[in-house]
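Asks: what follows is a predicted protein model with its sequence.
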Amino acid sequence: MDESGDSGRPQPGPEETPSAPGPDKGGPQRPEEPGGGILMGRPFGVPVYVAPSWFLVAALITWVFGGQLDRVLPELGAARYLVSLFFAIAFYASVLVHELAHTVVALRYKLPVRRIQLQFFGGVSEIEKESETPGREFLLAFVGPLLSLVLAGVFYAGMKFVEPGTVPGVLLAGLMISNLLVAAFNLLPGLPLDGGRMLRAVVWKITGRPMSGTIAAAWVGRALAVVTLIGLPLLTRTGALGNDPAELSGMDTLTDALLAAILAAIIWTGAGNSLRMARLREHLPELRARTLTRRAVPVESATPLSEALRRANEAGARALVVVDGEGEPQGIVRETAIVSVPEHRRPWVEVGGLAQDLTDGMKVSAELSGEALLDRLKATPATEYLVLEETGEIYGVLSTSDVEHAFVAALARPAS
């Protein structure tokens, strides 16, 4: 089962939020594999991971499908579980193809793909930026279910060349049905599913506002979550899914209710994350280096800390920049370093001994804002950055703690 995340295509799973820089970690750091699982390969240069939860689902599929095989092909005996394991692997290979479809289109539109992860209820394609147009958003979402339908057609065609009631026939039928279910489920018009992305694109096209599309698709997604929670157990109890209600045991009923609750929770959470992400992106341009920067005073390396702080207080500044004799910036005196020096020792401590040497990556333009600013900080993690005017003049010091607070505040504000 697949859904599209932000702009990625998780299967169903929470949407990813751009990282805000942390005060102690320097900048927004996004390691390649934060609990990603086992690296399986890099098709198209994108790492593919298998999460530990996949093994739990693979075991569950092997057990359930093995029970079905026992009724259809009782002569297999214990070998039915090997066949079932092959089915589980083939099914997730189909899910990977679904995800690769999203990835290929994303790369075609120059949208960076962080990774693909196979996990509990399918897969996740983590696409890190929004589509620029509703048309691209629609295609990016639709291509996954389309490939699942194509795969279902391929497996259906394969059934023409094998005998029904044999192992190949049962496997091909199971893969055809499972891919049809993946496609149908993902075409449901609610976030975070692919169908929700398609609905979002349509509303975005009509209204001209991506936020309107997100709100509409997210609330439809929440409605789908409620319908799933209530409707799936009812369909099973009434026999609408082709089962015999008289054969249901208490364990079957509990399993159906648990599955419905898990699916509903995933959809509800994903829809909420989509709203949160859209709200953030709407306010993200408010993160401007110029407005977040602390005013700084230039001081030479040999200046006592007490004298440097006196000058900063007189100027109403909150940061110190160490410069050479020609006024060129050489380092930034970190706030944590200042705090660590007792007040009675400050007249005897030179600021140069507390300064962090500047690298080119720690120099930021005052004109940066939004995602461009966050990307710039991600490239060189640090606790403070020197902010410069376009002319090269010192504007001030940008602290990652200030960016983090602004980031959180932007996330908390309601959308307009």
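Replies: Perfect, thanks for sending it.

Asks: centre of the chain to the host helix or strand of residue 54, how far?
Replies: Per DSSP states H and E: residue 54 is located in helix 52-72. Put simply, helix 52-72 sits 28 Å off its chain's centre (Cα atoms, centre = their mean, to the nearest Å).

Asks: what is it packed up against?
Replies: Contacts defined by 3 or more Cβ pairs under 8 Å, 6 or more residues apart in numbering; DSSP states H and E place helix 52-72 against helix 80-108, strand 113-119, helix 167-186. From N, CA and C alone the C-beta is placed, and that goes for glycine too.

Asks: send me the last one as CSV with only the CA atoms.
Replies: This file holds the C-alpha atoms of helix 167-186, laid out as CSV (Å, rounded to 0.1, in the frame of the first residue of the first chain):
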residue,chain,number,x,y,z
VAL,A,167,1.9,-23.1,-7.7
PRO,A,168,2.7,-20.6,-10.6
GLY,A,169,-1.0,-20.1,-11.2
VAL,A,170,-1.7,-19.3,-7.6
LEU,A,171,1.3,-17.0,-7.3
LEU,A,172,0.4,-15.1,-10.4
ALA,A,173,-3.2,-14.7,-9.3
GLY,A,174,-2.1,-13.6,-5.8
LEU,A,175,0.3,-11.0,-7.3
MET,A,176,-2.3,-9.7,-9.7
ILE,A,177,-4.9,-9.3,-7.0
SER,A,178,-2.4,-7.7,-4.5
ASN,A,179,-1.3,-5.1,-7.1
LEU,A,180,-4.9,-4.3,-8.0
LEU,A,181,-5.6,-3.7,-4.3
VAL,A,182,-2.5,-1.5,-4.0
ALA,A,183,-3.6,0.5,-6.9
ALA,A,184,-7.2,0.8,-5.8
PHE,A,185,-6.2,1.7,-2.2
ASN,A,186,-3.8,4.4,-3.3
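
Asks: show me what it is packed against.
Replies: Helix 167-186 packs on helix 52-72, helix 80-108, helix 134-159, going by 3+ Cβ pairs under 8 Å, 6+ apart.

Asks: can you tell me which of the helices and strands packed on helix 52-72 is packed in deepest?
Replies: Comparing the helices and strands packed on helix 52-72 by mean neighbour count (mean count of other Cβ atoms under 10 Å), strand 113-119 comes out on top with a mean of 24.

Asks: next, the angle strand 113-119 makes with the very next helix or strand once past that one.
Replies: Downstream of strand 113-119, the next assigned helix or strand under DSSP H and E is strand 122-127. Interaxial angle of strand 122-127 relative to strand 113-119 (axes from the mean of the first three to the mean of the last three Cα atoms, to 10 degrees): 170 degrees.

Asks: what average pLDDT does strand 122-127 get?
Replies: The predicted model assigns strand 122-127 a mean pLDDT of 87.

Asks: one more: stretch 221-238?
Replies: The average pLDDT within stretch 221-238 is 85.

Asks: just stretch 55-75 next, same as before
Replies: Averaging pLDDT along stretch 55-75 yields 86.

Asks: list the buried residues for that stretch?
Replies: Neighbour-count burial for stretch 55-75 flags 57, 58, 61, 62, 65, 66, 69, 70, 73 (criterion: 16 or more other Cβ atoms under 10 Å).

Asks: quick check: the farthest pair among these?
Replies: By the measure Cβ to Cβ, 57 and 73 form the most distant pair in the buried residues of stretch 55-75, at 22.9 Å.

Asks: of all the helices and strands packed on helix 52-72, which one is nearest residue 49?
Replies: Across those, residue 49 has its closest neighbour in strand 113-119 (4.7 Å, Cβ to Cβ).

Asks: that closest one pairs with which strands?
Replies: Here strand 113-119 has these sheet partners by DSSP bridges: strand 48-50 (parallel), strand 122-127 (antiparallel).

Asks: the longest one vs helix 80-108, what angle?
Replies: Orientation of strand 122-127 against helix 80-108 (the same axes, to 10 degrees) gives an angle of 20 degrees.

Asks: distance between strand 122-127 and the chain's centre?
Replies: Between the centre of strand 122-127 and the centre of its host chain there is 8 Å, according to Cα atoms, centre = their mean.

Asks: likewise stretch 170-184?
Replies: 27 Å.

Asks: who does the helix or strand hosting residue 410 touch, helix- and strand-wise?
Replies: Here residue 410 sits within helix 400-412, counting by DSSP H and E. Where contact means 3+ Cβ pairs under 8 Å, 6+ apart, helix 400-412 is packed against helix 250-283, helix 289-292, helix 370-379.

Asks: mean pLDDT lowest for which of the ones you listed?
Replies: With a mean of 79, helix 250-283 has the lowest mean pLDDT of these.

Asks: C-terminal to the least confident helix or strand in the chain by mean pLDDT, what's the next element?
Replies: Ranked by mean pLDDT, DSSP states H and E, the helix or strand of the chain with the weakest confidence is strand 9-10, at a mean of 38. Next along the chain after strand 9-10, taking DSSP H and E as the criterion, comes strand 38-41.

Asks: list the contacts of that next one.
Replies: The contact list for strand 38-41 (Cβ atoms under 8 Å, 6 or more residues apart in numbering) reads 33, 47, 48, 49, 50.

Asks: same thing with stretch 207-227?
Replies: 130, 134, 188-193, 196-197, 199-204, 263-265, 267-268, 270-272, 274-275, 278-279, 282, 415-416.

Asks: relative orientation of the helix holding residue 54 and helix 80-108 in degrees?
Replies: Helix 52-72 runs at 130 degrees relative to helix 80-108, counting by the same axes, to 10 degrees.

Asks: just give the closest residue to residue 290, not the sequence neighbours.
Replies: Leaving aside its chain neighbours, residue 290 sits nearest to residue 366 (4.6 Å; criterion: Cβ to Cβ, 6 or more residues apart in numbering).
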